[in-house]
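> predicted structure and sequence below. I'll ask about it afterward.
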Amino acid sequence: MSETPRPADLIVFGGTGDLSMRKLLPALYHCDRDDRLAPETRIITMSRGGLDDADFRGKVDAEVRGYVPADDHATWQRFLGRLHHVSIDVGGQDTEGWSRTARLLAGHEERDRIFYLASPPMTFGPFCRELHRAGLVTPASRVVLEKPLGRDLASAQRINDEVGAIFDERQIYRIDHYLGKETVQNLLVLRFANAFLEPIWNSLWIDHVQITAAETVGTPGRRGYYDHAGALRDMVQNHLLQLLCLVAMEPPSRNDRESIRDEKVKVLQSLRPIVGGEVDRFTVRGQYTAGECDGVRVPGYLDEPDSTAPTEASRRVETFAAIRAEVKNWRWAGVPFYLRTGKRMPYRSTEIVVQFKDVPHSIFPGSAPNRLVLRLQPSEGIRLHLMAKEPGAGEVALKPVPLSLSFAETFTSRVPEAYERLLMDVLAGNPTLFMRRDEVEAAWRWIDPILHEWEAQGAAPEPYPAGSPGPAGAHELVLRSGRYWYEDDLA
């Protein structure tokens, strides 16, 4: 029997923003529809929009309705009734917003109080200080921080210090929505609930690992943000390194909130540093130019419409990054981990490919090494590619065939979105799938030397046409060791 949900007040700062409208509120609606929210639970959004409750509910009804099923009018009305809105200006002279928030929360101090900061990281410290000044932080409070957590190690430490001055580490939930995806959960189950993989999950049997996050979208209207982020900060430092940790981590002693996070930190601490001249050898950065993507002619990064005018930062920022990483421990010594991410690629897909070594002695011509493919999007699933004989008499002909697990086809229940799982974990007080401070800072400690070398060089990224698999340098990165990217798995 499932546990009865506890009443909570969920306060979303940045409640009228894109993340809230496209992800958070639809996820909370589905939680409500599945009876995973207590009847008393409220969703209090905060923004500078100048809206009252009725205005905000009308906005949600118009903008969020398209992201949820249209067949349950009663649940939708119940969900709208949970919503409240407070107009507030963090860092300004407006005290009425904090007073109204205090009045809304008064008398409910016993409830779990979740502060979700769906806002830029520079607001995290000021928001937490004003929460504390208004007397709204209780022992049952938790705070959720959206990525990116800083621009480098120093800024991440500063944010962690500011938030940590108000909230204990046990109350801080640093979110990476990739960790809520069903395939990521199944990677842990696949590794640690099945005996057949563990004996071969090491450098004796695995040749290399590829982790790819490819997007077809560009950055129209977002160049002002992306000029100061780039693919390395936006995707590699958080999403791709998190996936690497789950592939490479040692079996935890228990499935509890700290054991898994302990093992992930050990992986990050074991990454071989890439410094100085090695940055050119083991990393590639690119920027898309005009081309054809999804059958449509699209402009290059510097010419994206509805964006700020290009600057020197625009010409130097990367929209594609590839890295050859190594985990220096007994299990993974000598096994390269290839990471890549890019915008305006020919496909939208996030996959982990575990490439096994050839059989020690092949007696059949045409055999190919096995590989395990875990797809996170667009359709979550797992495929194990094995060699099999093609039917027919005469000479034996081999063909790679997949053993496939598609979650959509195998399980009849709806696969929840990543934010649904993570929001429910926050409400339940379970931080297992969230990043600890030492984990975030270990990731930045490895990324920082690459960023600094790229910035010191001052060179423009390698161009690649929109709709292509990335710059030529990315293919040379793997070809130098006789390997290649598995584009067929990603198409």
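That came through fine. Residues are numbered from 1 along each chain as shown.
> make it CA atoms for all contacts and neighbour counts henceforth
Noted.
> ok but V284 is inside a strand, no?
Yes - counting by DSSP: H, G, I helix; E, B strand; the rest coil, V284 is part of a strand.
> how close does it sit to G125?
34 Å (CA to CA, to the nearest Å).
> tell me the buried residues in the top helix by length along the chain?
The single longest helix within the chain, with elements called by DSSP state H, is helix 437-457. Residues of helix 437-457 classed as buried: 437-451, 453-454 (neighbour count, 16 or more other CA atoms under 10 Å).
> with stretch 148-157 instead?
Neighbour-count burial for stretch 148-157 [16+ other CA under 10 Å]: P148, L149, G150, R151, D152, L153, S155, A156, Q157.
> neighbouring contacts of that stretch?
Contacts to stretch 148-157, defined as CA atoms under 8 Å, 6 or more residues apart in numbering, come from residues 121-122, 159, 229, 233-234, 238, 440-441, 444-445, 447-448.
> export those to a markdown table and tack on pLDDT?
Output for the contacts of stretch 148-157, formatted as a markdown table (pLDDT from 0 to 100):
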| residue | pLDDT |
| --- | --- |
| P121 | 87 |
| M122 | 88 |
| I159 | 95 |
| A229 | 89 |
| R233 | 92 |
| D234 | 90 |
| N238 | 90 |
| V440 | 95 |
| E441 | 95 |
| W444 | 96 |
| R445 | 96 |
| I447 | 96 |
| D448 | 96 |
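> okay, those residues in TSV with distance to S404 next?
As requested, the contacts of stretch 148-157 are exported to TSV (distance: CA to CA, whole Å):
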residue	distance to S404
P121	40
M122	44
I159	43
A229	37
R233	33
D234	31
N238	28
V440	34
E441	37
W444	36
R445	38
I447	35
D448	39
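> out of these, which comes closest to R348?
Nearest to R348, judged by CA to CA, of the contacts of stretch 148-157 is D234 at 16.4 Å.
> name the SS class of the closest residue to that closest one other than its chain neighbours, please.
Excluding the flanking residues, the one nearest D234 by CA to CA, 6 or more residues apart in numbering is P148, at 6.7 Å. Under three-state DSSP, P148 falls in the coil class.
> partners of the closest residue to R82 other than its chain neighbours in the sheet?
Among residues not flanking R82 along the chain, R42 sits closest, at 4.8 Å (CA to CA, 6+ apart). As for beta bridges, R42 partners with D9 under DSSP bridges.
> and for R42, the neighbour number?
For R42, the count of nearby residues is 22 (other CA atoms under 10 Å).
> ok, the buried residues of stretch 148-157 vs K399, which is closest?
P148 (43.6 Å).
> for the most centrally placed residue in the chain, which non-adjacent residue is spatially closest?
With distances taken as CA atoms, centre = their mean, Y178 lies nearest the centre of the chain, 3.5 Å away. Distance criterion CA to CA, 6+ apart; nearest residue to Y178, sequence neighbours excluded, is H239 at 6.2 Å.
> quick check, that neighbour in a strand?
No - counting by three-state DSSP, one finds H239 to be helix, located in no strand.
> am I right that it is in contact with G180?
No - here H239 lies out of contact with G180, judged by CA atoms under 8 Å, at a distance of 11.3 Å.
> who has more neighbours, those two?
G180 (21 against 18).
> and the closest residue to the more buried one other than its chain neighbours, how far from E182?
Spatially, and ignoring its direct neighbours in sequence, G180 is nearest to A418 (4.1 Å; CA to CA, 6+ apart). Distance, A418 to E182, by CA to CA: 7 Å.
> in what helix or strand does A62 lie?
Element membership for A62, per DSSP states H and E: helix 53-63.
> what about dumping the CA coordinates of that helix to CSV?
Extracted C-alpha coordinates of helix 53-63, given in CSV (Å, rounded to 0.1, in the frame of the first residue of the first chain):
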residue,chain,number,x,y,z
ASP,A,53,-4.7,34.4,-7.9
ALA,A,54,-7.4,34.7,-10.5
ASP,A,55,-5.0,36.2,-13.1
PHE,A,56,-2.5,33.4,-12.5
ARG,A,57,-5.1,30.6,-12.7
GLY,A,58,-6.3,32.1,-16.0
LYS,A,59,-2.8,32.2,-17.3
VAL,A,60,-2.2,28.5,-16.3
ASP,A,61,-5.6,27.5,-17.8
ALA,A,62,-4.5,29.1,-21.1
GLU,A,63,-0.8,28.1,-21.2
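> for it, name the packing helices and strands.
helix 73-82, strand 83-87 (3 or more CA pairs under 8 Å, 6 or more residues apart in numbering; DSSP states H and E).
> can you point out the buried residues in it?
Those would be D53, F56, R57, V60, for helix 53-63 by 16+ other CA under 10 Å.
> not counting its neighbours along the chain, what's nearest the third one?
In space, not counting the residues next to it along the chain, R57 is nearest to L80; the distance is 6.1 Å by CA to CA, 6+ apart.
> can you count the residues close to the one you found?
20.
> how about it, what does it touch?
Contacts of L80 (CA under 8 Å, 6+ apart): R57, V60, D61.
> same list (those) but as CSV, adding pLDDT and distance to V267.
Shown next, in CSV, are the contacts of L80 (pLDDT from 0 to 100; distance: CA to CA, whole Å):
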residue, pLDDT, distance to V267
R57, 92, 45
V60, 90, 42
D61, 91, 44
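> nearest to F356 among those residues?
Among the contacts of L80, and counting by CA to CA, the member closest to F356 is V60, at 48.4 Å.
> right, and that closest one touches S20 too?
No - counting by CA under 8 Å, V60 does not reach S20; the two are 9.9 Å apart.
> which helices and strands does the longest helix of the chain pack with?
helix 153-164, helix 259-270.
> mean confidence score for the helix or strand that comes right after that helix?
Counting by DSSP H and E, the element after helix 437-457 in chain order, helix or strand, is strand 462-465. The average of the pLDDT scores along strand 462-465 is 96.
> strand 462-465: partners in the sheet, and parallel or antiparallel?
By DSSP bridges, strand 462-465 pairs with strand 283-289 (parallel).
> and the partner strand, how far from the chain's centre?
Relative to its parent chain, strand 283-289 has a centroid offset of 21 Å by CA atoms, centre = their mean, to the nearest Å.
> now swap in stretch 108-128 and tell me
Relative to its chain's centre, stretch 108-128 lies at 20 Å (CA atoms, centre = their mean).
> what's the span of that stretch, first residue to last?
19 Å.
> compare V284 and G125 (neighbour count), which wins?
Neighbour count, other CA under 10 Å: between V284 and G125, V284 has more, with 25 against 19.
> perfect, I'm done here.
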